[in-house]
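Colleague: just a sequence and a predicted model for now, questions to come.
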Amino acid sequence: MAGLTNTGENAVLDEIYNAAGGTFPAADPFISLHTADPADTGASEVTGGTYARQQVAFGAAASGTLENTGAINFTLMPACTVVAWSVNDAVTAGNFFQDGWFSTVSGLAICRAADVTANDIQSTAHGLATDDRVVFEVIEGLTIPAGLTAGTLYFVLATGLTTDAFRVATTSGGAAIDITAVGSAIWRKVTPKVVNAGDTFQIAAGALDIFATE
């Protein structure tokens with residue numbers, strides 16, 4: 001058995017995000033928005049309009065999770081589609097600490113030998129529908145099914161969609177991704193947020209969850 005307990009996770013989160021004079025020089029971190037996978041560098045950050053990172057305070061960690069204490073408002077946004085967020089220690093440039101997708105649903109994806117030919121992804125009672133957007137994440141120590149790329153946003157296809165299986169493509173209704181070898185991964189249903197020029201993009205109080213294991 002290994003890993004942090006809830007108490008340990010809370011201590012780590014509070015030390016990083018809530019320790020006075022700690023990790024963040026400005027006391028509280030800055031949240032940025034992204035139009036694609038931020039990866040490990042904070043890539044694909046929104047630009048244009050009067051978009052700027054927003055400083056946010058978090059409450060004390062509980063059950064291994066932090067939540068923002070107030071609404072986060074990004075005013076006068078450019079026209080774009082937002083899919084992810086990240087945490088930074090400066091209003092521009094600086095250091096990139098953590099990221100997450102705008103997602104509340106996830107599951108385990110498995111491709112067995114019998115699934116490779118049909119390009120099926122097995123996931124019990126996944127609840128996905130045609131044209132849902134999903135992204136896959138590597139499970140430490142395991143191999144993602146060959147053909148899928150971690151961090152790429154895919155469309156769920158109508159073809160092959162069952163209660164416990166689905167296929168994905170890079171475009172709506174496109175050709176199924178050719179899966180060439182067995183593997184497993186985590187999938188997340190991502191909810192893209194379409195923003196019109198001049199809109200305010202808001203993350204409600206308590207809606208941004210940061211986990212010690214993200």
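Modeller: Thanks, I have the structure now.

Colleague: which helix or strand in the protein has the lowest average pLDDT?
Modeller: One helix or strand of the chain scores below all others by mean pLDDT, DSSP states H and E: helix 6-13, with a mean of 81.

Colleague: after that one, which helix or strand is next? Please name it.
Modeller: Moving toward the C-terminus from helix 6-13, the next helix or strand (DSSP states H and E) is strand 30-34.

Colleague: ok, residues contacting that next one?
Modeller: Contact with strand 30-34 is made by 38, 42-46, 51, 53-56, 68, 72, 74, 82-91, 94, 99, 201, 203, 208, as judged by Cβ atoms under 8 Å, 6 or more residues apart in numbering. C-beta here means a position set from N, CA and C on the backbone, and glycine is covered the same way.

Colleague: at 7 Å instead, please
Modeller: Strand 30-34 is contacted by residues 42, 44-46, 53-56, 72, 74, 82-88, 90-91, 201, 208 when judged by Cβ atoms under 7 Å, 6 or more residues apart in numbering.

Colleague: still on that earlier bit, list the buried residues of the least confident helix or strand of the chain.
Modeller: For helix 6-13, a neighbour-count test (16 or more other Cβ atoms under 10 Å) marks 9-10, 13 as buried.

Colleague: any chance of a markdown table for the residues you listed, columns distance to residue 156?
Modeller: Converted to a markdown table, the buried residues of helix 6-13 look like this (distance: Cβ to Cβ, whole Å):
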| residue | distance to residue 156 |
| --- | --- |
| 9 | 32 |
| 10 | 36 |
| 13 | 33 |
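
Colleague: quick check: domain ranges of the protein?
Modeller: The chain breaks down into these domains under automatic domain parsing: 6-102+193-211, 104-190.

Colleague: what's the span of the longest one, first residue to last?
Modeller: I take that to be domain 6-102+193-211. Terminal residues of domain 6-102+193-211 lie 11 Å apart, using Cα to Cα, to the nearest Å.

Colleague: and if you look at the shortest one?
Modeller: By Cα to Cα, the extent of domain 104-190 from end to end equals 8 Å.

Colleague: any idea how far it is from the chain center?
Modeller: Offset of domain 104-190 from its chain centre (Cα atoms, centre = their mean, to the nearest Å): 16 Å.

Colleague: now do the longest one
Modeller: Computed by Cα atoms, centre = their mean, the chain-centroid distance of domain 6-102+193-211 equals 12 Å.

Colleague: and the least confident helix or strand of the chain, what other elements does it pack with?
Modeller: Here helix 6-13 touches no other helix or strand, going by 3 or more Cβ pairs under 7 Å, 6 or more residues apart in numbering; DSSP states H and E.

Colleague: outside of it itself, list whatever touches it.
Modeller: The contact list for helix 6-13 (Cβ under 7 Å, 6+ apart) reads 4, 61-64, 66, 210, 212.

Colleague: contact partners for residue 56?
Modeller: With Cβ under 7 Å, 6+ apart, residue 56 has these contacts: 28-29, 31, 68, 72.

Colleague: any idea which of those residues is closest to residue 137?
Modeller: Nearest to residue 137, judged by Cβ to Cβ, of those is residue 31 at 20.6 Å.

Colleague: could I get the full set of helices for the chain?
Modeller: 6-13, 113-116 (DSSP state H).
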